[in-house]
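Peer 1: Sequence first, then the predicted structure:
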Amino acid sequence: ASPSAEAAIELREQLGRIDGRLAVVAHDNPDPDAIASAVALVDVAESVGVAADACYFGDISHQENRAMVNLLELDLRNMDPDDSLAEYSAFALVDHSRPGVNDQLPTDLHADIVIDHHPPRGPVPGEFVDLRQGAGATSTVLTEYVERFDLAFDPSTATALLYGIRVDTNDFTREVSPADFMAASTLSPHVDTSILRQIEQPSLEGETLETIARAIKNRVQRDSVAVASVGRIGDRDALPQAADQLLAMEGVETTLVFGFDDEMVFLSARSRATDVDLGETLRDGFDRIGSAGGHADMAGAQLEIGILGSADDEVEVESIVSVVEEVITNRFFEAIRTRPGVPVGAYTQTSEWLFTQRGEPEDGESA
């Protein structure tokens, strides 16, 4: 259902109370839905006289996402954890819902506005909160607000929003709602289709191809589940692409691909099996030793290998990495095998020795 007129009035009133500049913060390493939502909320804020910046921490490293930002000339601010937040008098979170969880804001930050479509993993603090779990994308919710505020759709924003909806709903095939189709039809006349085509056909970079090749070569398959370590990675966004490629192989219905960057391990999982909920599976397997979250068919996790920092030489690093690979692989297979909601027990002592607890699980799927 579209937001009631009351919700739009409440948002307008909340924006009216802001005296100063608004930071609209997407989740870390933002995907198209988060980027588009941030840009759209800036448009909404500025329409009622509130100066605003679309902000994010981390990198936009996936080549399609970079193409989207560059071709649409989207105005985004890449924040640094050391930046002072004093220039902002208000904060909005889009496509995630808690400060300090999947963004690098202080956990005690006061959120003025929160707009998201993911189920929350805990209480959501905020003055104005719109958590639309029925929507397939946060871009859908923002499209409705742009319409409710009676704004003309800027072609760049409209194109970004439609791309955000298409990516998050996997081209209207995953967790899609009537609201997503309505938003797409609203956006359609304003979209720059030639730029949209360019965004969707970026060339695969060499490093991404290498990662996909390593995933195919290194995969361990049990029944319809394939797990692969790709070793050291320079670009963590190659992981979901590798997980997708493994999923395209015959007889494979669920995939997990993981790689190492300094002392962190990043995991990306995909599934088209009807009896698997990947978000639950990754939480069961890795929440106790890291942070994990996501949807039934796509999810991610990150773990910190605290012990790597004290490794003396390359041989020791390699031996630790090989143990980590074995632990992650076996924990995932066990989590797939056991009932949802049952944390895995395998390698518990080894895991505690290897991994540094990372705090709370991520809300968004930034796998």
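Peer 2: Good, I have the coordinates. Given the structure is predicted, the values throughout are model-derived calculations rather than measurements.

Peer 1: Mind listing what's buried along the longest helix that the chain contains?
Peer 2: If you go by DSSP state H, the chain has its longest helix at helix 314-337. By 16 or more other CB atoms under 10 Å, the buried positions in helix 314-337 come out as 320-321, 324-325, 327-336. For the C-beta atoms, the positions are set from N, CA and C on the backbone; glycine is no exception.

Peer 1: tell me how far the ends of stretch 228-241 are from each other?
Peer 2: One end of stretch 228-241 sits 13 Å from the other (CA to CA, to the nearest Å).

Peer 1: re the thing from before, does the longest helix of the chain pack against any helices or strands, and if so which?
Peer 2: strand 225-232, strand 254-261, strand 264-271, helix 278-286, helix 348-354 (3 or more CB pairs under 8 Å, 6 or more residues apart in numbering; DSSP states H and E).

Peer 1: Report the mean per-residue pLDDT for it.
Peer 2: For helix 314-337, mean pLDDT rounds to 89.

Peer 1: Ok, stretch 176-185 next?
Peer 2: Stretch 176-185 shows an average pLDDT of 89 in the prediction.

Peer 1: what's the answer for stretch 350-365, then?
Peer 2: Mean predicted lDDT for stretch 350-365 stands at 54.

Peer 1: again with stretch 253-263
Peer 2: For stretch 253-263, mean pLDDT rounds to 93.

Peer 1: Just checking the distance from that stretch to the centre of its chain.
Peer 2: 15 Å (CA atoms, centre = their mean, to the nearest Å).

Peer 1: Per-residue pLDDT of G290, please?
Peer 2: For G290, pLDDT reads 87.

Peer 1: Ignore what I typed, I meant R197.
Peer 2: R197 is given a pLDDT of 89.

Peer 1: same deal with G285?
Peer 2: Predicted confidence (pLDDT) for G285: 91.

Peer 1: Run through the bridge partners of F128.
Peer 2: The partner list for F128 in beta bridges (DSSP bridges) reads I113.

Peer 1: I'd say it and A8 touch.
Peer 2: No. Under the criterion of CB atoms under 8 Å, F128 makes no contact with A8, lying 10.7 Å away.

Peer 1: and Q198, which of the helices and strands packed on helix 314-337 is closest to it?
Peer 2: strand 264-271 (25.3 Å; CB to CB).

Peer 1: how far is that closest one from where the chain is centred?
Peer 2: On CA atoms, centre = their mean, the centre of strand 264-271 falls 12 Å from the chain's centre.

Peer 1: So what touches that strand?
Peer 2: The set of residues external to strand 264-271 that reach it, using CB atoms under 8 Å, 6 or more residues apart in numbering, is 233, 236, 239-240, 242-244, 246-247, 253-259, 278, 281-282, 286, 290, 292, 294, 296-305, 324, 328, 332, 367.

Peer 1: try 7 Å this time
Peer 2: 236, 239-240, 243-244, 247, 253-259, 278, 282, 297-305, 324, 328, 367 (CB atoms under 7 Å, 6 or more residues apart in numbering).

Peer 1: now these: which count as buried?
Peer 2: By 16+ other CB under 10 Å, the contacts of strand 264-271 give 236, 239-240, 243, 247, 253-259, 278, 282, 297-305, 324, 328, 367 as buried.

Peer 1: helix/strand/coil for R12?
Peer 2: On the three-state scheme (DSSP: H, G, I helix; E, B strand; the rest coil), R12 is labelled helix.

Peer 1: actually L74, not the one I wrote
Peer 2: coil.

Peer 1: close enough to count as contact, it and A40?
Peer 2: No. If you go by CB atoms under 7 Å, L74 and A40 don't touch, sitting 10.5 Å apart.

Peer 1: More neighbours: which of those two?
Peer 2: A40 (29 against 19; other CB atoms under 10 Å).
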